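> everything below, folded, please.
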Amino acid sequence: MKAKLVVAMGLLFVALDIVSTRAQDARKEPGQSDAKTARARWLQLCPTNEKTDAAERTMLETYSSPALEKALLSSKSFWEFLTDPSTPYMDRMTAANRGGSMLSPEDLPLLWQAIVEVSSDPPGVSPPPCSAVAAIFQPPTKQATRVVLGHQIRLPTKIIDYPVTAEERDHSPWLWQMERALSMLFDKTNMYYGDIRYPARVKAAWEWPIAASECRPEGVACDLTRSEWNKISIRSRALTESAPHDILLFQTILKLALNNSNYYIAYSAHVDDLWSWGPDHHLEELAQAAQIIILQKTRWEDVAAQTAFKAALSAQYNGDPMSAPHAKLVKTATAILAVGRWAMDKSRSPWNRYYGFVLPICKMADDAPCLSDQLRDPNDPRLDERLKSFEAWFARKKPALEKQAEAELPHLRSLAKELSTAID
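Sure, this is the predicted structure:
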């Protein structure tokens, strides 16, 4: 399911056996025409790249220069230094590493927009050694330039080798350097705004405008540009990554997940973060209430399936008894019914019903008719029989579940009110 989102959102990465020009050169050498041998040579660069990465991480903690220290005196000079094409690679990366607190809440959209802008143009660099994915990039046949972050940049006309040594990184393309630096700064900034400052980050992210669009996985063509696709992803990450597990995070996930106009916004909601193992059992209950609300109100099957998986975990796993002895299992009939509406929907594919919704109910209900030999093939001839067995069980069980859910409703409604929404 995630692969569908990644492709559709314009993050054009696929699992292809594409190798760098080093590997292509290797195929030209006598006795090395075999592509497998060429790739093996490319993979030999893995240790070099890993060693350079490790040395760079260590150097980032101690590196300094007069220009860097001067740049860190204000947010304006910091940003200009970070984005200046003439800034040396290690200065740029160290600025990003130390810059988590440099941007005010009002300046955060500047960072997010910069990531969108830089990622909208391919850097022209092959993937790192040992990478299982490669970028699809057709370089322009003629030299082209574009203004990126206020700088006139020549776009690459060929893919160059991934920089695996410190010297190569010092002379690497600016777009590639900026991708790395902005990614690091994004993580550092999220961590800085991941405590009592989190509300300011959420406010800034919601105020960062995103074009309205009616987007669905099938049937409606989206007219969003690649930049707009990237913006959806960056905003969702800004809203949820490195966030404290509290009511505001749950409210934020709900707002994203219940976007029934744009599938890609809803799918990027990070519903995997709807959990809590304490220290307050009340947060566990709030997480369950949020899961139920999504299952009741979303129109998107993939979002519902993600949420059903988390609801099943809440019902069967209550954390580490050593580190979270206060945590409790969260099992409600209301959650089973919410998943059940999807499991019983015969308009959906049999396999999606079984894998996305029947199996979660098997983990949530003690007496569900689920055999230990879980099916793993959509074409398994036993699939129809398993679904019929589940349907019969659910039909028998539904009246008792509805009666139990009626008793649960007052408390769940109070939880939903805390989440600034309502539960059916």
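
> for the stretch 101-250 of the chain, which segments are assigned as strands?
Secondary structure of the stretch 101-250 of the chain (DSSP state E, counting those that start in this stretch): strands at 134-135, 144-148, 151-155.

> so which of those is the most packed in?
Highest mean neighbour count of the strands of the stretch 101-250 of the chain: strand 134-135, a mean of 18 (counted as mean count of other CB atoms under 10 Å). All C-beta atoms are positioned from the backbone trio N, CA, C, and that covers glycine.

> quick one on the thing from earlier: nearest to Lys203, out of the strands of the stretch 101-250 of the chain?
Among the strands of the stretch 101-250 of the chain, strand 144-148 comes nearest to Lys203, with 27.7 Å by CB to CB.

> quick revisit: minimum distance to Arg201: which of the strands of the stretch 101-250 of the chain has it?
Among the strands of the stretch 101-250 of the chain, strand 144-148 sits nearest to Arg201 (CB to CB), with 24.9 Å.

> now do the closest one: which elements does it pack against?
Applying 3 or more CB pairs under 8 Å, 6 or more residues apart in numbering; DSSP states H and E, one finds that strand 144-148 makes contact with strand 151-155.

> how far does the strand it packs on sit from the chain's center?
Relative to its parent chain, strand 151-155 has a centroid offset of 29 Å by CA atoms, centre = their mean, to the nearest Å.

> what strands line up against that strand, and which way round?
Paired strands of strand 151-155, with direction, are strand 144-148 (antiparallel) (DSSP bridges).

> what's in contact with the strand it pairs with?
Residues outside strand 144-148 that contact it (CB atoms under 8 Å, 6 or more residues apart in numbering) are Glu117, Val118, Asp121, Gln152, Ile153, Arg154, Leu155, Thr157, Leu175, Met178.

> tell me which two of the residues you listed sit farthest apart.
Glu117 and Thr157 (20.1 Å).

> tell me which of the strands of the stretch 101-250 of the chain lies nearest to Ala343.
Set against Ala343 and scored by CB to CB, the strands of the stretch 101-250 of the chain come closest in strand 134-135, at 38.1 Å.

> His270 and Met59: what is the separation?
Distance of His270 to Met59, computed by CB to CB, to the nearest Å: 33 Å.

> swap that for Ala395, please
Taken as CB to CB, the span from Ala395 to Met59 is 65 Å.

> those two: which has the busier surroundings?
Met59 (14 against 10; other CB atoms under 10 Å).

> from Trp174, how far out is the more buried one?
20 Å.

> check Leu248 too.
Between Leu248 and Trp174 the distance is 37 Å, computed by CB to CB.

> which of the two has more neighbours?
Neighbour totals were compared for Leu248 and Trp174, and Trp174 leads with 21 against 16 (other CB under 10 Å).

> tell me the contacts of the more buried one?
Applying CB under 8 Å, 6+ apart, one finds that Trp174 lies in contact with Pro85, His151, Ile153.

> swap in Glu402?
Ala333, Leu337 are the contacts of Glu402 under CB under 8 Å, 6+ apart.

> swap in 10 Å and give it another go.
Counting by CB atoms under 10 Å, 6 or more residues apart in numbering, Glu402 touches Ala333, Thr334, Leu337.

> among these, which ones are in helices?
Within the contacts of Glu402, membership in helices is found for Ala333, Thr334, Leu337, as judged by DSSP state H.

> tell me, how many residues neighbour the last one?
I take that to be Leu337. As a burial measure, Leu337 scores 22 neighbours (other CB under 10 Å).

> so it versus Lys310, what's the distance?
Distance, Leu337 to Lys310, by CB to CB: 16 Å.

> over to Leu254?
In terms of CB to CB, Leu254 sits 13 Å off from Lys310.

> list the residues that contact both of these two?
With CB under 10 Å, 6+ apart as the test, Leu254 and Lys310 both reach Val271, Leu274, Ala290, Gln291, Ile294.

> mind checking pLDDT for Pro156?
You'll see Pro156 listed with a pLDDT of 79.

> Ile115 - nearest residue in space that isn't next to it in sequence?
Here the nearest residue to Ile115 in space, its sequence neighbours aside, is Leu182; by CB to CB, 6 or more residues apart in numbering that works out to 4.9 Å.

> shouldn't the one you found be in contact with Trp79?
No: between Leu182 and Trp79 there is no contact, the gap being 11.0 Å when judged by CB atoms under 10 Å.

> for the residue found closest to Leu401 once you drop the neighbours it is linked to in the chain, list the residues it contacts.
Excluding the flanking residues, the one nearest Leu401 by CB to CB, 6+ apart is Ala333, at 4.3 Å. Neighbouring residues of Ala333 by CB under 10 Å, 6+ apart: 340, 364-365, 397-398, 400-408.

> and these, which are buried?
The neighbour count (16 or more other CB atoms under 10 Å) marks Gly340, Met364, Ala365, Lys397, Lys398, Leu401, Ala405 as buried among the contacts of Ala333.

> what is the rounded mean pLDDT of the lengthiest helix in the chain?
Longest helix of the chain, by residue count under DSSP H: helix 383-418. For helix 383-418, the mean pLDDT works out to 96.

> residues in contact with Ser349?
The contact partners of Ser349, by CB under 10 Å, 6+ apart, come to Glu301, Tyr355, Gly356, Pro378.

> ramachandran angles for the last one?
If I follow you right, that is Pro378. Backbone torsions for Pro378, taken as degrees, to the nearest 10, come to phi -60, psi -20.

> count of residues packed around the residue lying closest to it once chain neighbours are set aside?
Spatial nearest neighbour of Pro378, chain neighbours left out: Trp351 (4.0 Å); criterion: CB to CB, 6+ apart. By other CB under 10 Å, 15 other residues sit near Trp351.

> same deal with Ile361?
Per other CB under 10 Å, the neighbour tally for Ile361 reads 25.

> what packs against the host helix or strand of it?
According to DSSP states H and E, Ile361 maps onto helix 359-364. Counting contacts by 3 or more CB pairs under 10 Å, 6 or more residues apart in numbering; DSSP states H and E, helix 359-364 is packed against helix 301-316, helix 333-343, helix 383-418.

> ok, which of these comes nearest Ile196?
helix 383-418 (19.2 Å).

> Leu371: which of the contacts of Ser349 is nearest?
Nearest to Leu371 among those, counting by CB to CB, is Tyr355 at 14.4 Å.
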